[in-house]
Structures are given as C-alpha cells and as structure tokens.
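J.: after the sequence you'll find the predicted model.
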Amino acid sequence: MNSQPGIFPTFFLSGFECSTFRWKDQGRRDLVEETQHRRFVEEDYALLRSLGIAVAREGIPWPLVDQGGGNFDFSSVEPMIAAMNRNQILPIWDLCHYGYPDDTTPFADDFSERFARYCRAAAEYVAARVPGPQYFTPMNETSFFAACGGEWGWVAPFGADKGTGKRLRLELCRAAIAGARAIRTVVPQSRMIHVDPLVQVVAPPDRPDLVEEARHMTFEDTFFAWDVISGQQHPEMGGSPEILDIVGCNVYAWGQMQYAEQGPNTALAPNTEGIVPLCELLERVWTRYHRPMIIAETSGLGDGRPAWLNDVMEESLAAVNRGIELHGVCLYPAVDMPDWHKGNWLNLGICDMVDEGGVLRRVPFAPYVTELRRWQKLLNRVTELDADPFDDPVDLGDVVAAARRMQPAPDENFH
C-alpha cells in the first residue's frame, strides 16, 4: 500500500518535441517529422519502456488534424497510440504546441471556441483508444508562446512588440481554460498539466534603471498565465484551481537570464551573480498555488546532461524537504531535437541523432542513462517497466524519504 500515492505510475517521465508552428522564414514546420518520431515511434516508446519510464508528453498536431468546419482527422496520431499501448506508456497529450490552423488566429473572436471544439474532439478520440487515466496540456508554454509569437516575431502570429505579446498571452490563457473545460465535458476525471518556463531575471550590472523591469518579469510575468488559469487574475475567464490542476515547470539553464529591453533575454553564465537555486524557484510556485507540481521539461546540453540531472534532482529533493508536492521529473526530449533557428542537433535528449543517409539513428547517451539509473535506485524507483506498470502509482513517500535521508543543500550555481 502506498504511503503517499502519486499521480503517475513512474516518477521519471519523458516526451517528444512536437512543435507545429509557422516559423518566421520557413512556413509550417512539423518537428515530429523533422525528428522522424512518426517513423521510429515503436523504437522510441520501446526505449522509454526499457528505461523504466511509463509516461511521455506527446503531441496532437492541431494544424494537421483540424480540417475546418468542425471536422477532424486524427489518423496521424494512430501510430503513436498503437506504440504507446504496446509498450504500456501513458501519454500527456499536448494539444497546442505553438501551432494553430492556417485559417484562424488567436485574436479571432471565435478562437477559444474553436480550440475548445478541437480539444473536446481530441479527448473523445484518445480516451476511446488509450486505457487508463487521461492527461492533457491544452496550451503548451502559454507565456513563452506569447513572447515568441507576439513580441519576438519568431512564430505566427508574428507580433513584434510587448503590447501584442501581452494581448496574445491573454488570448492563449482564454483558450487554455476553454479547452480544459471542454475536455472535462467528455472525460470528467482527466488531469490538466499547464506548462510554462520557470525563470529568474536580473538587470544588467550597469543598468540599475532596469531592476524593476527584471523583477516584474520574474515575479509577475512568470506567473501570469498560471494566475489566470487558476482564477487569481481575470476571474471572468473562468479559471480555477481545479482548472490549473497540475503545475508543470520547465527548467533549463537558460531560464536564469539577464534582462534585455528588446528581444529575448540573455542566459546568465555559470557563477554569475543573480542566479537563484532551483529549489527556491520551485518553492515560489508552490507557495503561490499549492497545487501538485512536476518538472515538465528539463535537460542539460551535450556532455553536461548527467551533471545537470544530478543538480536538478538535488534541488528538487531540497524543495521536497521544504514541503512542495513534486510528482515527477520529465527528461525532455527523449530523442534529440534541432535548434529552431540554426537546424543543428542540440544534443539535449536521452538519445542523440546520427544521420545515416537521411535516416536518424537513435543513440542513447550512456552517461545520461547511467545517471538516470542511479537516481531511480536512490528514489527506490523501477529501472525497467514490469508486466503491469500501471498497477500502482508512484509512492511519493519513497521520494520524501530519500529527500530526508540525503538532505541536499540548495546551490546558487546549480547550473
């Protein structure tokens, strides 16, 4: 009997890059195609099974399945569902990973209504085909989507100023709430995971006049979408703690930044003044919402991946010792992804990519896998899925016990 039942069957999760944005100079992109995940979906899910990971973030490509007029074609998702079921992996469905249909815009009067119809149809489709609990992320990284699509001009709708970014963020929140409510009309017990980056922003050392702007981005902008979805701001939109449900924090080294007046902020180098321990960032979220939490994406780069995982786990356990309810850590992505701007492989995944005549061979990065195995054992987690990985959820008591036993100290230079 679990002393403290968790939400998921395994503490470690993973996922696959599934963006379908319209990119600034390349038109519609499909990162599932670019990573050949559709082609190698069976191998990709067998990998997760062998690693003791029973939950994966997976995308439904709204621009590709929405045929207009309330008609949807989900056939592109069938290979994913078949491979998940064979390998006993539960999906967290990303329903809008930066991409929406060509014939609409987030500023359209009926955008949230159309998104809700799609979410309802997607929930009906997958719930009939994937057994077990149903997990959804209606709108991925609402705040980041609003910045790169409303302020920086990277993706549609190609806004290029802070005002447009703020308008876009609000409309994406409206759609996320409508989508979550629509899903629960057909799958009432489904769980929602609302994902955004967890960031810390400081002013440049020679610009004390920007301290307030950096503080606002850290303590207000970071939380705005979660605030709206939880009903703390703009309650007329219908947000509530039950809609927020599970808070998903994306954690990367470049989330600790120096404020820039124009364009994206600049990542802080290691050992730079202003870096805050991840433990404290996680505690900020917990104090604000007191909702179940996961780290929804995290990874280091290149050879730094094992050390990054160690740092994230130590910081996470330090946060558990401060009382946060952490239900999982998602090693993202499972297979590598290209840099959106340059196209080079980032060496970010559990597996690197080796191009063999146009075929992307998956090569697990052994030191990263070894570090994962070490942490699975430290937390008393499985290292390979058994015949029925869903018979018991994670016992969070094991995670709490490990945190108390290890007593990791927060580190200002954790990255």
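T.: That came through, no problem.
J.: and the strands in the stretch 51-200 of the chain?
T.: Using DSSP state E, counting those that start in this stretch, the strands of the stretch 51-200 of the chain run over 55-59, 66-68, 71-72, 90-94, 135-137, 191-197, 200-202.
J.: hey, which of those strands is tucked in deepest?
T.: Greatest average neighbour count among the strands of the stretch 51-200 of the chain goes to strand 55-59 (a mean of 26), per mean count of other Cβ atoms under 10 Å. Bear in mind the C-beta positions are built from the backbone N, C-alpha and C, glycine included.
J.: so what secondary structure elements neighbour it?
T.: Where contact means 3 or more Cβ pairs under 8 Å, 6 or more residues apart in numbering; DSSP states H and E, strand 55-59 is packed against strand 12-15, helix 78-87, strand 90-94, strand 326-331.
J.: CSV for the strands of the stretch 51-200 of the chain, including mean pLDDT and distance to P79?
T.: Shown next, in CSV, are the strands of the stretch 51-200 of the chain (pLDDT from 0 to 100; distance: least, Cβ to Cβ, whole Å):
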stretch, mean pLDDT, distance to P79
strand 55-59, 98, 11
strand 66-68, 96, 19
strand 71-72, 98, 17
strand 90-94, 98, 13
strand 135-137, 98, 19
strand 191-197, 98, 23
strand 200-202, 97, 39
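J.: if we can go back for a sec, return the most buried member of the helices and strands packed on strand 55-59.
T.: Most buried of the helices and strands packed on strand 55-59, by mean neighbour count (mean count of other Cβ under 10 Å): strand 12-15, with a mean of 27.
J.: tell me the mean pLDDT over that strand?
T.: The average pLDDT within strand 12-15 is 98.
J.: any idea which helix or strand comes after it?
T.: Using DSSP states H and E, the next helix or strand after strand 12-15 towards the C-terminus is strand 22-23.
J.: can you list the residues that contact stretch 155-170?
T.: The contact list for stretch 155-170, computed with Cβ atoms under 8 Å, 6 or more residues apart in numbering, reads 21-24, 98, 100, 105-107, 142-143, 145-153, 224-225, 228, 234.
J.: distance across it, terminal residue to terminal residue?
T.: 17 Å (Cα to Cα, to the nearest Å).
J.: now stretch 203-216
T.: 11 Å.
J.: contacts for that stretch?
T.: With Cβ under 8 Å, 6+ apart as the test, stretch 203-216 has contacts from 201-202, 258-259, 261, 273.
J.: list phi and psi for the spatially most central residue of the chain.
T.: The C-alpha lying nearest the average C-alpha coordinate of the chain belongs to A296 (Cα atoms, centre = their mean; 4.1 Å). The phi and psi values for A296, taken as degrees, to the nearest 10, are phi -80, psi -20.
J.: tell me the contacts of the nearest residue to it once chain neighbours are set aside?
T.: Ranked by Cβ to Cβ, 6 or more residues apart in numbering and with sequence neighbours excluded, the top spatial neighbour of A296 is G248, at 3.1 Å. Residues near G248 by Cβ under 8 Å, 6+ apart: 137, 193-196, 293-297, 330.
J.: so which of the residues you listed is the closest to T10?
T.: Distance to T10, by Cβ to Cβ, is smallest for C330 among these, at 10.6 Å.
J.: I'd like the distance between the closest one and G6.
T.: C330 is 14 Å from G6, where distance means Cβ to Cβ, to the nearest Å.
J.: quick one: low-confidence ranges for the stretch 301-415 of the chain?
T.: Along the stretch 301-415 of the chain, segments meeting pLDDT under 70 span 412-415.
J.: mind listing the helices for it?
T.: Secondary structure of the stretch 301-415 of the chain (DSSP state H, counting those that start in this stretch): helices located at 305-321, 366-378, 396-406.
J.: the second one versus helix 396-406: what angle between them?
T.: Read it as helix 366-378. Relative orientation of helix 366-378 versus helix 396-406 (axes from the mean of the first three to the mean of the last three Cα atoms, to 10 degrees): 100 degrees.
J.: helices and strands around helix 366-378, which ones?
T.: Using 3+ Cβ pairs under 8 Å, 6+ apart, the elements in contact with helix 366-378 are strand 12-15, helix 305-321.
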